[in-house]
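# Take this sequence and fold it.
(chains A, B, C, D and E, ligands or ions: 4)
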Amino acid sequence: MPDGTPPRKLVEVQDLKMHFPIYGGVLRRRVGEVKAVDGVSFDIHEGETLGLVGESGCGKSTCGRAVLRLYEVTDGAVRIEGENIADWSPEHLRKVRPKMQMVFQDPQASLNPRMTVASIIGEPLDEHTKQSKKAKLDRVYHLMDAVGLNRDFANRYPHEFSGGQRQRIGIARALALNPRFIVCDEPIAALDVSIQAQVVNLLEDLQEEFGLTYLFISHDLSMVRHIADRVAVMYLGKIVELAPRDALYDAPLHPYTQALLSAVPEPDPSLEARTERIILKGDVPSPAKPPKGCNFCTRCPQVMDICRQTEPVYREVSPGRFTACHLQDGHTPQTQQQQQAPDAGQPAPARRHEQNQQGEDK
Amino acid sequence: ERGSDGQLNIIYWQAPSTLNPFLSGGTKEVESASMIIEPLVRFDSEGNMVPWLAAEIPTLENGGVAEDLKSITWTLKEGVLWSDGTPLTAADAVFTWEYCTHPEGGCAQSSYFDGVSSVEAVDDLTIKVSFTEAKPFPYTAFVGSESPIIQAAQFADCLGAKAPECTEANFNPIGTGPFMVTEFKPNDVITLEMNPNFREADKPAFSTVVFKGGGDAAAAARSVMETGEYDYAWNLQLDPMLLDEMQSKGLGTVVSAFATSVERIHVNQTNPDPSLGEGRATLENPHPFLTDPAIGKAMSMAIDRELLVEIGYGAGGQPTCNVLPAPAVYASTANDDCLVQDIEGAKAVLEEAGWTDTDGDGIRDKDGIKLSVLYQTSTNAVRQDTQALVKQWWEEIGIETELRNIDASVFFGGDPGSPDTFQKFFADIEMYTNNFAGVDPEAYMANWRCSEIPSPATQWQGSNMQRFCSEEYDALVDQLSQTAGIEARAEIVKQMNDMLMQSYTIIPLIWRGNPSAHANTLGGVMMNDWDSEIWNIKDWHRIDG
Amino acid sequence: MLTFTIRRLLLAIPTLLLISLVIFLLLELAPGDPMAQVPLTVPPEVKEKMRQALGLGEPVHIRYLKWIWQFFVIEPMNLIDAMFGTMLAEGQLRVISWQTRSPVMDIVAQRLPQTLWVVGVAYVVAVLIAIPIGVYSAYRQYSWFDQAGTFVTMVGFSVPPFFSGVLVIVIFSVNLGWFPSIYDTTHRVTDWDSFVVQLQQMIMPVMVLALQITSQISRFMRASMLDNLGQDYVRTARAKGMTENVVVLMHVLRNSMIPVVTVIALGIPSIFGGAIITEQVFKVNGIGQLLITAIQANDMPMVQTLTFIFAVLIVLFNLIADVLYGILDPRIRYD
Amino acid sequence: MTETDRTPAAPAGTPAEPAANPAGAGAAAAPDPATTYRAPRNQWLDVWDQFKSHRGALIGAAVFILILLAVTVGPYIWTIDPTYIDIRAKNQGPTLAHPLGTDQLGRDTLARMLAGGRVSIAVGLTAMALSIVIGTVIGVIAGYFKRLDGPLMRFTDLFLALPLLPLLLVAVLLFRDMLSKAFGPEGGVFILIVSLIGITSWMQTARIVRGDVLALKEREFVLAGRSIGTPSRRMITRHILPNVLSPIMVSATLGIATAIITESALSFLGFGFPPDFPTWGRLLFDSVDRMQLYPERVIWPGLAISLTVLSVNYIGDGLRDALDPRIRGR
Amino acid sequence: MPDGQLPVLDVRDLKTVFRTRRGEVHAVNSVSFDLKPGELLGVVGESGSGKSVTMMSLIGLLPSPPAEVRDGQVLFGDKDLLKADDDTLRSIRGARIGFVFQDPMTSLNPVFTVGYQLMEPLRKHMGLGKKAARARAQELLELVGIPDAGRRLKDYPHQFSGGMRQRVMIAIALACDPEVLIADEPTTALDVTIQAQILELVKELRQKLGMAIVWITHDLGVIAGIADRVMVMYGGQIVEHAPVKELFGNPQHPYTRALLGTVPAMHGTREARLRVIEGQPPVLDAPPAACPFRARCTHSFDRCERENPQRVPVGPLHDAACFWNPETGGPRDA
Ligand SMILES: Nc1ncnc2c1ncn2[C@@H]1O[C@H](COP(=O)(O)OP(=O)(O)OP(=O)(O)O)[C@@H](O)[C@H]1O
Ligand SMILES: Nc1ncnc2c1ncn2[C@@H]1O[C@H](COP(=O)(O)OP(=O)(O)OP(=O)(O)O)[C@@H](O)[C@H]1O
Ligand SMILES: [Mg+2]
Ligand SMILES: [Mg+2]
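Ligands and ions are numbered 1, 2, ... in the order given. Below is the predicted model:
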């Protein structure tokens, strides 16, 4: 947990873009691209957990993978301890892999069904250390202890485990080389409610024990609320809002964040009856053909003309709170839908005018 | 009566690819064409000449053959018409000569015109063939099914390089024979119908013929003797037991005819060792041990020819000790003791020649040279059975034998690029069948002159496979070419045959006949291996079976 | 889909040219001589002359280019001539068979009918039998029908046609005398009776061929059905109250057919060449028999042309299979 | 309605099989009374466990092993030389001296069946192995390295279009002498035939493997391997290959059958082994003509081929199930 | 909710087993419940607890073999569905009982148009002609909120997003105006915002069409939002059953209580640590002779090992299968 002193930035992501090319036509030329991640920037401080939430297909996984350079990014920089990982050669990258690891969404799919638990957890050791067989095995047992797996399971295969246990195997593998930074790509999405808690607790315990830094990707907002220190909300390849946890949950700025938060069902019938839901209309546009202007303009309940013209700028609207929304830039929706108006921004009539002009110029 | 017997079904398990025997010399092409186009003279089943388009056989006696043996004059029968109704004339024969001797034509039968200096039409019915040198046996051009006369009018535009392009004519030649083509499907089937202009009024008895090709010998035999779908099947080289079994069904009969085909073994007199490079299998490098006639003799003695016949040929073969078993006048009897297998005798021969098994491995040797031979032949079930048997006998007398068989198209292909041709003979022993066309052995016996030895200098062309070379023999060849009169010639030929036999460079095995089968309802079949098998198809007729 | 097809067609051109070159060089290297069938009695000089007449004297690349020109330009022109009575190819030298000395294409055209009759019908029959067998075997997996089907199809798969062919001949021609053992390629179907005759002579080769093809396709069909029977949409269809017939024959079959149809399409080129042995046994004398006799006679232009036609068909049907896949399966989008 | 045996019992992602887990309380309290160091269990043991439960596969394996034993050990027990001609004993039916009779030259059919089986099965196994190796290598490379995909698939097309027979002729010319010098005449032909069957039959495997690898590449455990920093070479051997094993196995079992049959067809067309060299296909072919006289002579090789193909097919079925962890886990 | 009404669906003592190579799996054990017209019954429970198997047993959708419905009665109107023949079942499925499955991605047949699949039950059960069926199909698509319905009928499932596909599934289930709609985790695969859309839709439709609904999920939040009554399943049994408010307000069974505790809250204080349910779900290899939850239960005592608790009333319309009484913190007297 961050205390008083401002913690060091472990990971800095700047204007990260990951576009997947689409080929087509008679000659298989590149005819377009899926803008899976389209210019996101954030920092992760040492020892903190940054939650990354958003709808399915909005680019969360791609972002997480790009940060670890599992993809060759299209543009932008990812700095880990100040070094841009995009500059590293494959061999160097291989050497520093131990520093940053990943836990995957589907515990079934992320474990090779034909390897035993011991060999799965031991694989990073095989790749990066030259220990004796015995030492490796000891380390594997140690890791299994750490994640709460019985040592007896070492020779079993993934299919012989429950989902929660499988996810523990995945976590043990990620921990094997003492990483500093772990990207958790929806580690609980495929798990049963009663098991999700086990995994989240484990992640928290490990963070405490080893001082880990997490990028925690999830679409379970209540779980993110539990685990994350700060939360970034993605929509269609972009971060629309990033804020400290409590600020975000208490007073979301971006209409999408608002809709998202309100859509979470509350396991309490009395609360449930009282909450006013924002039901979005329509579907998520394809990241291959994002709409003009703001990406959210097709579904936004507070959409304005400018949203269909100009892309809002992602900026710090108040200390530690970033968002990209014209509403925060002082525009008011012409077609008021009687949603509570977000009150965080300070509308300045003059600036609004300016902004409008700019928008039309573009 | 003409056309009264309906359809005749013939099956040849190799299908003809063209009906122009000048473009492809295969038996199937020649024989299928023989129903349509005809020569001046044919050979009957005994090998006697029968005037066909010619009115009679010219001889010295009747003046048809010039005294100096340098020309022969033929007279055509009168009133012979082509199937299109035009008359056959001497000009057609002249044209045929021109056609086949055209330098760009690639005529497959041009050897029949070897030594012919000119062919002239003396008048419409008289043809004079002149030779550059005296020809004691002048019956080559226009004699036999391989040298028929084609119609000048039809082939006029097909001379030389254009010959292959005249598909229409090649597939549908106009002839004087009993049948004419209605449809020709290359490599498949020919349908024919009777020739309305055929010179013999009441023939042929069949109105149509289907000449089917393809498949294999067993299927062909089955279709005649077991299912009765076909009336005549050609070349049934099958297990004799199988033929007997089929024959016993009572639907058909196997018939064979013998001419001059002999299955023989050649004993290489030169060294085929690959390490000799260019000099491999040439006269400069004599064979390390096969030049010893004792070995050839032992090899020959060890073979039970009777058994080979029984296993592979049945009625289609007879044991022989001569490379020239026929015609009867030429056949020698001097070597007949080889007909009886004599393993012990063979061993004794080797023993006597100093070939003993010194190291006890069952293989005889002398001076460090082991009797170990590579025995090659073409791929063919009967040949492989023969090979297996011979190998067993030879090993019994202490000659180690390795077998090899080569695809026929490669073995007989004559491709100078291939090491596997029978001419190159890169082996110690090889086996195949050869024969000669017609009845005169002069050219055939000339095969074993020294000058016929294949070598790199001749691009491996030549017919003296075993590389037999004897001045004495060459002298006999020359003598033969100057001798006229059957008896005198026969004397020389026998002498040559015996000389070859006693050199043991050729081991004759089987005088091969040609087994074919005909339905019991088919009458008039006279098997013939001197000419086309179906030479007398005009006389074939249906009998009630 | 259209651009996909066009792109694949464009790609096919260099592929095919390369294939033709490879085939040509292969045949060039192959031993054997077109003169092999000429009897030994023919003297070597004569053979040499005949060889020259076939154009064997020219260098390889000239012959290749000549063949390419003849195959791609002159033969199509001839086709046009034959169809529209034009005279485009008048006097141009076509691809000539060494063995028969007639245009290769004419012979191929002559052989097509019997190949299509026999092999084509066998293929159709086999497919028609295989699909129900496959469907039912999968629907009743591990039932006695399935077990027996597996057994029979595997045996059918393992019996070489040179054996099954002769076996049926012995049974049906020799012993029972029901069908002719030799196929009559000159037979023309003009009326009912001649049609019956045609059926009689087709029945045995079709049987032998169909046995093999059925064996293979029914295995594919079964596997594909099994894959699909376990899918969620099957449960949906049942939950809608559809009868088993509708569920299996509409929903599952339609999906299962997608991979099978492409397998079937990929098998079609073999119609033209794959039945060599069966053709031999029954003397059908179709394309397969043409190829084998051409190889035996070292008839290079014929072999070259035939193998290249097979190559074209293979490439073409590969493409067709892909396109079919795209048409049948709405999920696939080629582009 | 029968459900297929392959559908997973429960939707993916459900906690694992109850049966596989120790019942009830805290998994930590393991029921294993021994030490925590249990000898690593061989994966093939699990495969075998599953395989054993497939009755067809078991019978198939038994038959196949029997055949294998017969052709490998058999000739040492039945010591008659398969090429020995005893002409007096030709065309015999089954007798004590010749349990399967003799052929037209009096060679012992049993000895020939054993010798022939050795060749046929050797051809089947090696040709299959070759085609599987080529197919797998090409398929894996094409699937794994995107850049090589296009060229390799065109290459596959090329091979699909190559005609077998002319290829055989050429190969015989080019390599026969070399090979027969090195391996003896029969060995040379064996190598030729095997390589030709292998070379002309790997394409199907390559396509299937490529498809599977393409799908596998998207699986998360491959990504996980990458995030660990496993280099491509080990990625392939550790993660990709073991997971494409099932389709490869299926291709392999079919491959044996097709190779045996192709060899016999080659004999028919006159391109196979020398005729005095027995193989099952050859024996069958040689006896077809005499089918009516000596029906048993077609039955023996026919039976042998069919039995081999059938048993291999059932083994393939069983292996496919046994190698599929989804099924094995059940 | 109307109380005295006759239930449309009355399930009594349902038992379903699977025969596998490793023996029998007792997936559903003596499950009884009823469903009143117009009511929404929520079913929760962790994965593998037998929710789906129960519902599929009702209308014979389980593959047999391996499944076998051993025992029980399913009264639908006056018919016992377990004894009904196939034809009767078929005429009920899709027509009077609609089913929506969990995975919208695979539940639709990929090679038929959405329109075709939607029209299929209409033509079969309602005997509509092609035209009429199309019109009705379009109506249905509009009903579930798919814009441009007429055109989209011609589209294939893959051209629809997950949420839209799930809506199509719902439309299919609703096609013949069924009396009962069984929705088996219909939103589990979907995003929260899309899930909210679907839930909204169902609420709306329920008001409009007034059918009885069984809604299976393991998301307690969803249940809280839409259910009238809730059934909690564990280990193939119903362990608790109560009106929704009562269940959330006064959970009686330890499993229910534990379940409610594991979900982190969206509002209010954050717990430092999430509560978990330790241990593994039970093995269902024999008919239960003891409480299936005992191994994970923090309150279990020796009786739980010996006896399988029956459902007993613990409050108004509220019953639970447990020997432990949360009020007293001790055993409940039978
Ligand atoms: N390799 C790829 N090639 C092309 N497009 C891709 C690729 N990987 C991802 N995409 C696309 O990029 C977009 C973002 O994908 P991503 O997996 O990052 O989403 P996500 O937010 O993680 O979704 P989920 O919650 O479903 O995991 C999607 O539209 C996806 O289709
Ligand atoms: N085909 C089958 N063979 C054997 N066991 C099965 C089969 N189908 C289901 N089961 C078992 O039945 C039990 C109940 O499964 P069911 O699918 O009803 O659970 P569920 O509560 O619906 O779970 P989920 O929330 O994951 O859908 C599980 O233990 C499962 O393993
Ligand atoms: Mg993701
Ligand atoms: Mg379920």
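# Would you state the helices of the stretch 201-334 of chain E in chain order?
E:220-226, E:244-249, E:254-262, E:302-306 (DSSP state H, counting those that start in this stretch).
# Check the gap between the residue nearest the centre of chain A and residue C:178 for me.
The C-alpha lying nearest the average C-alpha coordinate of chain A belongs to residue A:52 (C-alpha atoms, centre = their mean; 3.0 Å). Between residue A:52 and residue C:178 the computed distance is 77 Å (C-beta to C-beta, to the nearest Å). C-beta: built from backbone N, CA, C; applies to glycine.
# same question, residue B:427
49 Å.
# And for residue D:237?
For residue D:237, the distance to residue C:178 - C-beta to C-beta - is 59 Å.
# now residue E:246: how far from ligand 1?
35 Å (C-beta to the nearest ligand atom, to the nearest Å).
# Check the stretch 1-150 of chain E for the residue nearest chain C and tell me.
Nearest residue of the stretch 1-150 of chain E to chain C, counting by C-beta to the nearest C-beta: residue E:94, 3.4 Å away.
# nearest residue to that residue other than its sequence neighbours?
Spatial nearest neighbour of residue E:94, chain neighbours left out: residue C:241 (3.4 Å); criterion: C-beta to C-beta, 6 or more residues apart in numbering or on different chains.
# near chain C, which residues of chain E show up?
Residues of chain E lying close to chain C by C-beta under 8 Å from any C-beta of the partner chain are E:56, E:59, E:61, E:86, E:89-95, E:98-99, E:101, E:103, E:106-112, E:120-121, E:124-125, E:156, E:158-159, E:169, E:172-173.
# how about the helices of the chain, start to end?
You didn't pick a chain, so chain A it is. With helices called from DSSP state H, chain A shows them at A:60-67, A:90-96, A:117-128, A:133-146, A:163-175, A:193-210, A:221-227, A:245-250, A:255-263, A:269-274, A:305-309, A:349-361.
# hmm, I had chain D in mind actually
Along chain D, the segments classed as helices by DSSP H run D:43-52, D:55-77, D:109-144, D:146-161, D:164-199, D:203-217, D:220-228, D:232-234, D:241-243, D:245-268, D:280-288, D:295-323, D:325-328.
# Let me know which of those helices is the nearest to residue B:273.
helix D:164-199 (12.8 Å; C-beta to C-beta).
# Show me which parts of stretch E:213-233 are buried, residue by residue.
E:213-233 (16 or more other C-beta atoms under 10 Å in any protein chain shown).
# Can you say which of these are also within reach of chain A?
E:218, E:219, E:220, E:221, E:222, E:223, E:224, E:225.
# ok, the fifth one touching residue E:199?
The reference is to residue E:222. Yes. With contacts counted by C-beta atoms under 8 Å, residue E:222 reaches residue E:199, the gap being 6.7 Å.
# Quick check: neighbours shared by those two?
Listed as contacting both residue E:222 and residue E:199 by C-beta atoms under 8 Å, 6 or more residues apart in numbering or on different chains are A:265, E:187.
# ok, now how distant is whichever residue of the stretch 301-450 of chain B sits closest to chain E from residue B:105?
In the stretch 301-450 of chain B, the residue that lies nearest chain E is residue B:407 (51.4 Å; C-beta to the nearest C-beta). Distance, residue B:407 to residue B:105, using C-beta to C-beta: 29 Å.
# thinking again about what came up before, now the helices of chain A as a markdown table including mean neighbour count and mean pLDDT?
Shown next, in a markdown table, are the helices of chain A (neighbours: other C-beta atoms under 10 Å in any protein chain shown; pLDDT from 0 to 100):
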| stretch | mean neighbour count | mean pLDDT |
| --- | --- | --- |
| helix A:60-67 | 25 | 89 |
| helix A:90-96 | 13 | 82 |
| helix A:117-128 | 22 | 87 |
| helix A:133-146 | 16 | 86 |
| helix A:163-175 | 26 | 85 |
| helix A:193-210 | 20 | 85 |
| helix A:221-227 | 23 | 88 |
| helix A:245-250 | 18 | 90 |
| helix A:255-263 | 24 | 89 |
| helix A:269-274 | 16 | 71 |
| helix A:305-309 | 19 | 86 |
| helix A:349-361 | 13 | 36 |
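# nearest residue to the closest residue to chain D within the stretch 51-200 of chain C other than its sequence neighbours?
Per C-beta to the nearest C-beta, residue C:158 is where the stretch 51-200 of chain C lies closest to chain D, at 3.6 Å. Closest residue to residue C:158 apart from its sequence neighbours, by C-beta to C-beta, 6+ apart: residue D:309 at 3.6 Å.
# my guess is residue A:296 contacts residue A:235, does it?
Yes. Using C-beta under 8 Å, residue A:296 is in contact with residue A:235, at 5.6 Å.
# quick one on the thing from earlier: residues in a beta bridge with the residue nearest to the centre of chain A, which ones?
Taking DSSP bridges, one finds residue A:217, residue A:232 as the beta-bridge partners of residue A:52.
# Quick check: it touching residue A:220?
No. Contact criterion C-beta under 8 Å: residue A:52 and residue A:220 do not qualify, at 11.8 Å.
# Kindly report the domain assignment for chain E.
E:9-96+E:176-265+E:275-331, E:106-175 (automatic domain parsing).
# Now tabulate these in TSV and tack on mean pLDDT.
Below are the domains of chain E laid out as TSV (pLDDT from 0 to 100):
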stretch	mean pLDDT
domain E:9-96+E:176-265+E:275-331	85
domain E:106-175	86
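# In TSV: those, plus distance to residue C:99.
Shown next, in TSV, are these (distance: least, C-beta to C-beta, whole Å):
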stretch	distance to residue C:99
domain E:9-96+E:176-265+E:275-331	62
domain E:106-175	50
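# To residue C:284, which of those domains lies closest?
Residue C:284 sits nearest to domain E:106-175 of all the domains of chain E, at 38.5 Å, using C-beta to C-beta.
# pull the longest helix from chain C.
Chain C, longest helix under DSSP H: helix C:192-229.
# how about whatever helix or strand comes next after it against chain E, any contact?
Counting by DSSP states H and E, the element after helix C:192-229 in chain order, helix or strand, is helix C:232-239. Yes. Counting by C-beta under 8 Å from any C-beta, chain E is contacted by helix C:232-239 at C:232, C:233, C:235, C:236, C:237, C:238, C:239.
# my read: residue E:112 touches residue C:253, true?
No. Assessed by C-beta under 8 Å, residue E:112 is found out of contact with residue C:253, at 11.9 Å.
# Skipping its backbone neighbours, what lies nearest the residue in the stretch 51-200 of chain B positioned nearest to chain D in space?
Nearest to chain D, among the residues of the stretch 51-200 of chain B, is residue B:187, at 16.1 Å (C-beta to the nearest C-beta). Distances taken as C-beta to C-beta, 6+ apart place residue B:15 nearest to residue B:187, at 4.4 Å, with adjacent residues excluded.
# check which helix or strand covers that neighbour.
Counting by DSSP H and E, residue B:15 is found in no helix or strand.
# got a pLDDT number for it?
We have a pLDDT of 81 for residue B:15.
# Correct me if wrong: it contacts residue B:28.
Yes. Counting by C-beta under 8 Å, residue B:15 does reach residue B:28; the two are 6.6 Å apart.
# re the thing from before, so the residue of the stretch 301-450 of chain B closest to chain E touches residue B:378, yeah?
Yes. Between residue B:407 and residue B:378 there is a contact under C-beta under 8 Å: 7.1 Å.
# Contact partners for residue 286?
This is for chain A. Contacts of residue A:286 (C-beta under 8 Å, 6+ apart): residue A:34.
# Chain C was what I was after
By C-beta under 8 Å, 6+ apart, the neighbours of residue C:286 are C:111, C:112, C:114, C:115, C:118, C:119, C:275, C:279.
# With pLDDT as new columns, can the residues you listed be given to me in TSV?
As requested, these are exported to TSV (pLDDT from 0 to 100):
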residue	pLDDT
C:111	84
C:112	83
C:114	83
C:115	84
C:118	85
C:119	85
C:275	74
C:279	82
